[in-house]
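Participant: Just to be clear, the model below is a prediction. Sequence and coordinates:
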Amino acid sequence: MDLSLSSSFFTNSPSLSLSKTFFLFKSQNLRPLSNFPNPSYISRVSRRQPLVWRQNHLIRAQITNQTDLDGFIFEDVPHLTNFLPDLPSYPNPLQKSQAYAIVKQTFVSPEDVVAQKIVVQKDSPRGVHFRRAGPQERVFFNSEEYVGLNYMYGVNDILGIVGGYRGFYSKNTMQLTPKIVNDIHKRGGTFLRTSRGGHDTNKIVDNIEDRGINQVYIIGGDGTQKGAAAIYKEAEKRGLQVAVAGIPKTIDNDIAVIDKSFGFDTAVEEAQRAINAAHVEVESVENGVGIVKLMGRYSGFIAMHATLASRDVDCCLIPESPFYMEGEGGLFEFVEERLKENGHMVIVLAEGAGQEYVAQSMHTVDEKDASGNRLLLDVGLWLTQTIKDHFTKVRKMAIYMKYIDPTYMIRAIPSNASDNVYCTLLAQSAVHGAMAGYTGFTVGPVNSRHAYIPIAHVTETQNTVKLTDRMWARLLTSTNQPSFLRFNEVMQERVDRGTIDVINNMKITSI
Ligand SMILES: Nc1ncnc2c1ncn2[C@@H]1O[C@H](COP(=O)(O)OP(=O)(O)O)[C@@H](O)[C@H]1O
Ligand SMILES: O=P(O)(O)OC[C@H]1O[C@](O)(COP(=O)(O)O)[C@@H](O)[C@@H]1O
Ligand SMILES: [Mg+2]
């Protein structure tokens, strides 16, 4: 596969609704031509500490003396030579690439690291660092015989797995060529198709083994990355020369550690159109209240950023910030104030917000999708009806509700320019990492520099909006909406008054 293919390949492929898609980089025909010794894949833990060999991806550097080492922690990713010590390596064919001919530093230094925490104090520990992404001097897949065919790594045997994880064992594969992937970035959806559930690690790795696949690129959100980690572990257990790379793609932006996931920018941009439509509609009537529901199962990033970008939004509701309707500081009070002031208002809400209220009003039980994600109830419809009932029945005020649910329309559009560029970087970094023999990693920007992050590090937490960070405060000052900080108090009052039972799973300790 050449790099231009790999970039268009990935740039094009993970259009927004492509939640769980896989590319296989199959190079079983790439036989070693020579037997170079294993280069020193050594991770230097600190300038002041002797070199430390990385044995396994989640071993944190043994820091014996915090002061001495400035608290430097290197969370390196696994390498194939950890379990295949005799694997031969080859000079990276990029050395001969015209594209890199005048690049000052074609290869990243094995000692380059990217800091997880960018703002530090003079005396604070230096903290966690990840391996910098990029081309490495030596590669562990021999592609020389293909260089004449392609420009960079020269691998031309690439399979697309159709229909998500289950596609490994229940669907046909698709041979991917530059021609096939040429235009896919201009289409929404996923040309490889997708599915939820169906992750059977053994069957998947059996299939990888049977087909002689050497590199697996797995594209998707947090669930997909967990699946990728399981595949990597099983491949390692079986001692397979298979590099597994995770590519973070979800509009929700709920993947930890990285700056943002592919698709998020596009979703925020497209959400503007829905917000604008709501604004136009409610501006045209007296007491118009527009409600726009956006995606965001557990994380309100799309809603928060769309609100900040649009500036037409009066109130943004996200799963991380539980809200309440009645009384002082509640949503009803705020809506009434805004209507008096402006004659109209727009509320943006993330689909995961207020789920407990909807569940309570509908007396439903928790249901899950095939991947184990909680099936969400339509909080937009619930909020629309609740506000309408309050103003018409209790406040005796005529109001006009306009509810817009653009969620799938947003997810279905092709990625925007910024996401396309981002995707090119993800694709190229992933290919460089896998070619260099790294495995079990997710690639992504950390403080704007691309890095290889152990998958387990990315999946151990979920990226959510931190109410204690300044960004949420910026939003509150921009909309001037209530902070709902009295949520706990208000809920307790209601329980005491007997107006509600204890609300199941209510996040009363969310801050
Ligand atoms: N803990 C896990 N281990 C293995 N596979 C998982 C795990 N969690 C989710 N998956 C699989 O990952 C795929 C995608 O997960 P899903 O939650 O639907 O989407 P996303 O990757 O966007 O979060 C599904 O096929 C699901 O079965
Ligand atoms: O209805 P579907 O297709 O299962 O997808 C809905 C979900 O997909 C998302 O857009 C993305 O979530 P994932 O990245 O976990 O797939 C969520 O915001 C939304 O709840
Ligand atoms: Mg998910």
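Facilitator: Alright, I've got the coordinates. Ligands and ions are numbered 1, 2, ... in the order given.
Participant: for the residue in the chain that ligand 3 sits nearest to, phi and psi?
Facilitator: Scanning the chain for the residue nearest ligand 3 gives residue 221, at 3.7 Å (criterion: CB to the ion). No exception for glycine: its C-beta is placed from N, CA and C like everyone else's. Main-chain torsions, residue 221, degrees, to the nearest 10: phi -90, psi -150.
Participant: What count of nearby residues applies to it?
Facilitator: Residue 221 sits with 23 neighbouring residues when counted by other CB atoms under 10 Å.
Participant: what about the residue in the chain sticking out farthest from the centre, helix or strand, and which?
Facilitator: What lies farthest from the middle of the chain is residue 396; by CA atoms, centre = their mean that is 45.1 Å. Element membership of residue 396, judged by DSSP states H and E, is empty: it is in no helix or strand.
Participant: Same question for residue 313.
Facilitator: No secondary structure element spans residue 313, as it lies outside all helices and strands (assigned by DSSP H and E).
Participant: just checking, it touches residue 348?
Facilitator: Yes - between residue 313 and residue 348 there is a contact at 4.9 Å, judged by CB atoms under 8 Å.
Participant: domain ranges for this structure?
Facilitator: With automatic domain parsing serving as the domain definition, the record reports that the chain contains domains spanning 6-37+79-107+133-260+416-459, 264-413+481-504.
Participant: wait, what's in contact with residue 127?
Facilitator: Under the criterion of CB atoms under 8 Å, 6 or more residues apart in numbering, the contact partners of residue 127 comprise 71-73, 115-117, 120.
Participant: What is the nearest of those to ligand 2?
Facilitator: The nearest member of the contacts of residue 127 to ligand 2, counting by CB to the nearest ligand atom, is residue 116 at 22.6 Å.
Participant: For the residue nearest to the closest one when sequence neighbours are not counted, grab the count of nearby residues.
Facilitator: The spatial neighbour of residue 116 that comes closest, neighbours along the chain excluded (CB to CB, 6 or more residues apart in numbering), is residue 128 at 4.2 Å. Using other CB under 10 Å, residue 128 is surrounded by 21 other residues.
Participant: Where does residue 128 sit: helix, strand or coil?
Facilitator: strand (DSSP: H, G, I helix; E, B strand; the rest coil).
Participant: Report pLDDT for it.
Facilitator: Predicted confidence (pLDDT) for residue 128: 96.
Participant: give me every residue that touches it.
Facilitator: If you count contacts by CB under 8 Å, 6+ apart, then residue 128 has 73-75, 115-117 around it.
Participant: Any residues of this protein in contact with ligand 3? List them.
Facilitator: Among all residues of the chain, those adjacent to ligand 3 (criterion: CB under 5 Å from the ion) are 221-223.
Participant: Which single one of those residues is nearest to ligand 2?
Facilitator: For the residues of the chain next to ligand 3, the residue nearest ligand 2 by CB to the nearest ligand atom is residue 221; the value is 3.1 Å.
Participant: Close to ligand 2: what parts of the stretch 101-250 of the chain are there?
Facilitator: Taking CB under 6 Å from any ligand atom as the criterion, the stretch 101-250 of the chain approaches ligand 2 at residues 221, 223, 250.
Participant: ok, now with 8 Å
Facilitator: 196, 220-224, 249-250 (CB under 8 Å from any ligand atom).
Participant: ok, which stretches of the stretch 101-250 of the chain are helices?
Facilitator: If DSSP state H, counting those that start in this stretch is used as the criterion, the helices of the stretch 101-250 of the chain fall at 144-147, 167-170, 178-181, 201-211, 222-237.
Participant: contact partners of the helix or strand hosting residue 266?
Facilitator: According to DSSP H and E, residue 266 maps onto helix 264-283. Residues outside helix 264-283 that contact it (CB under 8 Å, 6+ apart) are 16, 250-253, 288-292, 294-295, 301-303, 305-307, 309-310, 312-313, 344-346, 348, 400, 402, 404, 406, 409-411, 413-416, 418-419, 422.
Participant: Which SSE is immediately downstream of it?
Facilitator: Next in sequence after helix 264-283, counting helices and strands by DSSP H and E, comes strand 288-294.
Participant: My read is that residue 353 contacts residue 323, right?
Facilitator: Yes - the criterion here is CB under 8 Å, and residue 353 meets it with residue 323 at 7.1 Å.
Participant: Which of those two has more residues huddled nearby?
Facilitator: Comparing residue 353 with residue 323 by neighbour count (other CB under 10 Å), the higher total belongs to residue 353, at 27 against 22.
Participant: Now do the same for the more buried one: helix, strand or coil?
Facilitator: In the three-state summary, residue 353 is assigned as coil, counting by three-state DSSP.
Participant: Check it and give its pLDDT.
Facilitator: Among the per-residue scores, residue 353 shows a pLDDT of 97.
Participant: Tell me where the stretch 401-511 of the chain has helices.
Facilitator: 407-411, 417-435, 455-459, 470-479, 487-497.
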